[in-house]
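Asks: model this:
(2 chains)
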Number of protein chains: 2
Amino acid sequence: MSGNPSRELVVELGERSYPIYIGEGLLAGFGRTAEKHGLPKKSPILVVTDEKIAPLYLERVVASLREAGYEAASHVIESGEQAKRLEVLGDVVTTALETGLDRDSTIVALGGGVVGDLAGFAAASYMRGVRFVQAPTTILAHDSSVGGKVAVNHPLAKNIIGAFHQPEFVLYDTETLRSLPAREVRSGLAEVAKHGLIKDRAFALWCDENAEKLLALDPEALAYALYVGCGVKARVVSQDEREGGLRAILNLGHTIGHALEAVAGYGELTHGEAISIGMCGSARLAEKLGVAKEPVYGPTRKLLAKLGLPVALPAHFDTDAIMEAMMHDKKFRGGQMVFVLPQEIGAVDIAKGIASTLVRDVVESLKQGESE
Amino acid sequence: MSGNPSRELVVELGERSYPIYIGEGLLAGFGRTAEKHGLPKKSPILVVTDEKIAPLYLERVVASLREAGYEAASHVIESGEQAKRLEVLGDVVTTALETGLDRDSTIVALGGGVVGDLAGFAAASYMRGVRFVQAPTTILAHDSSVGGKVAVNHPLAKNIIGAFHQPEFVLYDTETLRSLPAREVRSGLAEVAKHGLIKDRAFALWCDENAEKLLALDPEALAYALYVGCGVKARVVSQDEREGGLRAILNLGHTIGHALEAVAGYGELTHGEAISIGMCGSARLAEKLGVAKEPVYGPTRKLLAKLGLPVALPAHFDTDAIMEAMMHDKKFRGGQMVFVLPQEIGAVDIAKGIASTLVRDVVESLKQGESE
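Replies: A predicted model of the protein is given here:
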């Protein structure tokens, strides 16, 4: 491991509690961390990563595992959201079987949210569940790697086939973030900002003030933001592991955001871009419904724009298609539309039974995207 | 429901406990049972069945649900083990999305073990888990419908992608068994006999004495056998939900049996036929290793033969291929061969670290299949 100080926080889930390690150069000590957490050495470990991450960090992880006495194999998937499908899950299982993975084995996700979701569902379902470790390499994954939600997509809906499967630990090497393309940095900062917007007003303001440093990947600012962001996520997950209630607040911006991603065919918009537009939509909806106790649309829009994120919907998006996609979203229970709405910056509420005509108006208004 | 007495037993799993109802004509009261168990009416129910069962019982179940005020849809899969694949899971999810299934919905498995495993894994993974009900229509499914193990196959291994997902209840209409082909009756009786062989000596003897009645589908004998068989399974599952230890005894005959099914390409042998040969193999192995305290091969072979099941391995099976398939079996932990071995009729033990050369000898000897 590096000599730099690393941060640690714990996701409290009783016997399924696990730590998140955040710091520079942690991947080099992967094997020792695996050892510390008691991952069995008699069973092979499978590292799943994608074709972009593999040439950068795969060898480092595999070498570290082997140095610690593990048998380590790897499986490289295509890069991008389209890899989150059942067929690719089948490919991972092929490698797992050919490598001899057994019930005491561990599957490691080395990569962003796509790798984490796919490899996580493989770990949840291979032999009805084996150990799982997350090693996120994107900012966005500070969100997806915490909380145990794993899934693949279906052509008709995102994340619709999945499980809750908590990792043994999350090892977050911030060095890997330096290789991120600028667009992915911005996309990841959307979820960082979200954690401020839903539960930490001071952090939301800090993000607004430090937007330039974050976009420039200033190590200190970034490590702090990830630590606080993961901390918000961890506290919410601790209180509601299986999304019975509170955890739904993490979906701020996601109802509209997922629909935008589905309509755009999982490519035109990154996840962060989609939820950035979605969070602007939620803020508008909150103001229209009188849920907001203070202006929320203006500050939300300003923060996200400073982070280089889109705050308006491209005009060519078909509103009917977006509404249709929302009806397929798994956050709809019993046919009612449910939204997470900001009451103020740093606090949200869950609103049920919202009229779809009102949602439609808001989606239309996002095509202008101007301050009201 | 019919006026005939129905039996009921409970799988004790704390807050996940559920009842098994066994009786003639229960399907006609499906809707009322759903109501009694509090399945929400505002969310649609999806009944998954196969092309053989659909024309016989699907309308009865759907009508009963609608009569009770439920919105009920159905999805019909191809018949046979080859339906247990990821692609078919994707098809079920397509119907679930198109039907508007949400988190409060229920997926019902109406059929044999294949339907139960596939629909059960759909219920376990759709939106990360929705309610599930089992309505078995085969004798074999008296085993698979109890205990919550659900899965699909992979070309390289059976049941390798799955979950533990307990049903809300199991509704076992014994009337459906009358339409079973004779070969499936025999196949199902293999698991019935297994429950006697592992944990209930008196029941094993009763099966031997009542083999003809069982093969003739005598209603009283059959209902009793299913009740006792489900009861053995339920007691084992109650003590070990996630197969940490004891539950492994349910795998008597399955190590060899699964390998035979894999090598035969999931078709030449039914599951029951494969485990019948496998149980003969386990008994031989137990005698060779001195684990058996009394003769077990002879009585096991006699019982299974009386039930019309194969007790010898067809000579054309390739022993190398069988051994290779066993190495992929998920019951191997850390490379050791693990077997469930009879100590006596009605009691088994789990033996680890068995030499593969000895297993090979036993597999070879099964090609003769004579009493020793």
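Asks: so after the helix of greatest length in chain A, what's the next helix or strand?
Replies: Taking DSSP state H as the criterion, chain A has its longest helix at helix A:219-239. Downstream of helix A:219-239, the next assigned helix or strand under DSSP states H and E is helix A:254-263.
Asks: so for that next one, mean pLDDT?
Replies: Helix A:254-263 carries an average pLDDT of 91.
Asks: what parts of the stretch 101-250 of chain A come near chain B?
Replies: Residues of the stretch 101-250 of chain A that fall close to chain B, judged by CB under 8 Å from any CB of the partner chain: A:102-104, A:121, A:124-129, A:149, A:151, A:154-157, A:160-164, A:242-243. Heads up, the C-betas are built off the backbone N, CA and C, glycines and all.
Asks: and these, which of them are buried?
Replies: Among these, those classed as buried by neighbour count (16 or more other CB atoms under 10 Å in any protein chain shown) are A:102-104, A:121, A:124-129, A:149, A:151, A:154, A:157, A:160-164, A:243.
Asks: just for chain A, where's the confidence low?
Replies: A:1-5, A:265-267, A:329-336, A:369-372 (pLDDT under 70).
Asks: chain A - how does it break down into domains?
Replies: As recorded under automatic domain parsing, the domains making up chain A are A:7-179, A:183-366.
Asks: just those domains: most buried one?
Replies: domain A:7-179 (a mean of 21; mean count of other CB atoms under 10 Å in any protein chain shown).
Asks: check the offset of it from the chain's centre.
Replies: Mean-position distance between domain A:7-179 and its chain equals 14 Å (CA atoms, centre = their mean, to the nearest Å).
Asks: span of it from start to end?
Replies: Distance between the two ends of domain A:7-179: 21 Å, counting by CA to CA, to the nearest Å.
Asks: just stretch A:34-42 next, same as before
Replies: With CA to CA applied, stretch A:34-42 spans 13 Å between its terminal residues.
Asks: residues contacting it, please?
Replies: A:45, A:65, A:68-71, A:104-106, A:131, A:133, A:168-169, B:334-335 (CB atoms under 8 Å, 6 or more residues apart in numbering or on different chains).
Asks: farthest pair in the residues you listed?
Replies: The distance between the two most remote of the contacts of stretch A:34-42 (CB to CB) is 25.5 Å, for A:Phe169 and B:Gly335.
Asks: thinking again about what came up before, tell me the helices and strands packed up against the longest helix of chain A.
Replies: Under the contact criterion of 3 or more CB pairs under 8 Å, 6 or more residues apart in numbering or on different chains; DSSP states H and E, helix A:219-239 touches strand A:7-11, strand A:18-23, helix A:141-144, strand A:170-173, helix A:182-199, helix A:201-209, helix A:211-215.
Asks: contacts for that helix?
Replies: Contacts of helix A:219-239 (CB under 8 Å, 6+ apart): A:7, A:9-13, A:20, A:22-24, A:139, A:142-143, A:146-148, A:170, A:172, A:174, A:177, A:189, A:191-192, A:195-196, A:198-200, A:203, A:207, A:210, A:213-214, A:246-247, A:249-250.
Asks: next one: stretch A:259-272
Replies: A:80-82, A:113, A:140, A:153, A:156-158, A:183-184, A:186-191, A:257, A:274, A:277-278, A:309-310, A:313-314, A:317-318, A:321-323, A:325-326, A:328-329.
Asks: same deal with stretch A:291-310?
Replies: Residues contacting stretch A:291-310 (CB under 8 Å, 6+ apart): A:182, A:186-187, A:189-190, A:193, A:197, A:204, A:207-208, A:211, A:214-215, A:269, A:272-273, A:276-277, A:279-280, A:283-287, A:311, A:341-345, A:349, A:351, A:369, A:371-372.
Asks: pull the CA atoms of that stretch into PDB?
Replies: The C-alpha atoms that make up stretch A:291-310 are tabulated as PDB, following Å, rounded to 0.1, in the frame of the first residue of the first chain:
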ATOM      1  CA  VAL A 291     -43.100  20.500  -1.500                       C
ATOM      2  CA  ALA A 292     -40.100  22.700  -1.500                       C
ATOM      3  CA  LYS A 293     -39.700  25.000   1.500                       C
ATOM      4  CA  GLU A 294     -37.100  27.200  -0.200                       C
ATOM      5  CA  PRO A 295     -36.100  27.600  -3.900                       C
ATOM      6  CA  VAL A 296     -34.500  24.300  -4.900                       C
ATOM      7  CA  TYR A 297     -34.500  24.400  -8.700                       C
ATOM      8  CA  GLY A 298     -32.100  27.400  -9.000                       C
ATOM      9  CA  PRO A 299     -29.500  26.100  -6.600                       C
ATOM     10  CA  THR A 300     -29.700  22.500  -7.900                       C
ATOM     11  CA  ARG A 301     -29.300  23.700 -11.500                       C
ATOM     12  CA  LYS A 302     -26.400  26.000 -10.600                       C
ATOM     13  CA  LEU A 303     -24.500  23.300  -8.700                       C
ATOM     14  CA  LEU A 304     -24.900  20.800 -11.500                       C
ATOM     15  CA  ALA A 305     -24.000  23.300 -14.200                       C
ATOM     16  CA  LYS A 306     -20.800  24.200 -12.300                       C
ATOM     17  CA  LEU A 307     -19.900  20.500 -12.300                       C
ATOM     18  CA  GLY A 308     -20.200  20.600 -16.100                       C
ATOM     19  CA  LEU A 309     -23.400  18.600 -16.200                       C
ATOM     20  CA  PRO A 310     -26.400  19.000 -18.500                       C
END
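Asks: A:Leu197 touches A:Gly346, doesn't it?
Replies: Yes. The pair A:Leu197 / A:Gly346 is scored as a contact, 6.8 Å apart, by CB atoms under 8 Å.
Asks: now do the shared contacts for these two.
Replies: By CB under 8 Å, 6+ apart, the residues touching both A:Leu197 and A:Gly346 are A:Ala204.
Asks: tell me how far A:Lys36 lies from chain B.
Replies: Noted for A:Lys36: a distance of 20 Å to chain B, by CB to the nearest CB, to the nearest Å.
Asks: report the angle between the helix or strand where A:Glu98 lies and helix B:86-99.
Replies: Secondary structure from DSSP H and E places A:Glu98 in helix A:86-99. Orientation of helix A:86-99 against helix B:86-99 (axes from the mean of the first three to the mean of the last three CA atoms, to 10 degrees) gives an angle of 150 degrees.
Asks: outside of the following helix or strand past helix A:86-99, which residues touch it?
Replies: Next along the chain after helix A:86-99, taking DSSP H and E as the criterion, comes strand A:106-111. By CB under 8 Å, 6+ apart, the surrounding residues in contact with strand A:106-111 are A:34, A:39-40, A:43, A:45-50, A:53, A:57-58, A:61, A:92, A:96, A:101, A:115-116, A:118-120, A:122-123, A:126, A:130-138, A:141, A:145, A:168.
Asks: so what strands line up beside strand A:106-111?
Replies: Partners of strand A:106-111 in the sheet, by DSSP bridges, are strand A:45-50 (parallel), strand A:131-136 (parallel).
Asks: tilt between whichever helix or strand comes after it and helix A:182-199?
Replies: Per DSSP H and E, the first helix or strand lying C-terminal to strand A:106-111 is helix A:113-125. Computed with the same axes, to 10 degrees, the direction of helix A:113-125 lies at 70 degrees from that of helix A:182-199.
Asks: specify the beta-bridge partners of A:Arg131.
Replies: Bridge pairing for A:Arg131 (DSSP bridges) gives the partners A:Thr106.
Asks: and the one 5 residues further on, by the same measure?
Replies: Listed beta-bridge partners, A:Pro136: A:Gly111 (assigned using DSSP bridges).
Asks: identify the residues contacting the residue positioned nearest the centre of chain A.
Replies: Geometric centre of chain A, nearest residue: A:Ser144, 2.7 Å, by CA atoms, centre = their mean. Neighbour list for A:Ser144: A:112-113, A:116-117, A:136 [criterion: CB under 8 Å, 6+ apart].
Asks: at 10 Å what do you get?
Replies: A:Ser144 sits next to A:109, A:112-117, A:120, A:134, A:136, A:138, A:150-151, A:159, A:191, A:233, A:271 when contact means CB atoms under 10 Å, 6 or more residues apart in numbering or on different chains.
Asks: gap between it and chain B?
Replies: Taken as CB to the nearest CB, the span from A:Ser144 to chain B is 14 Å.
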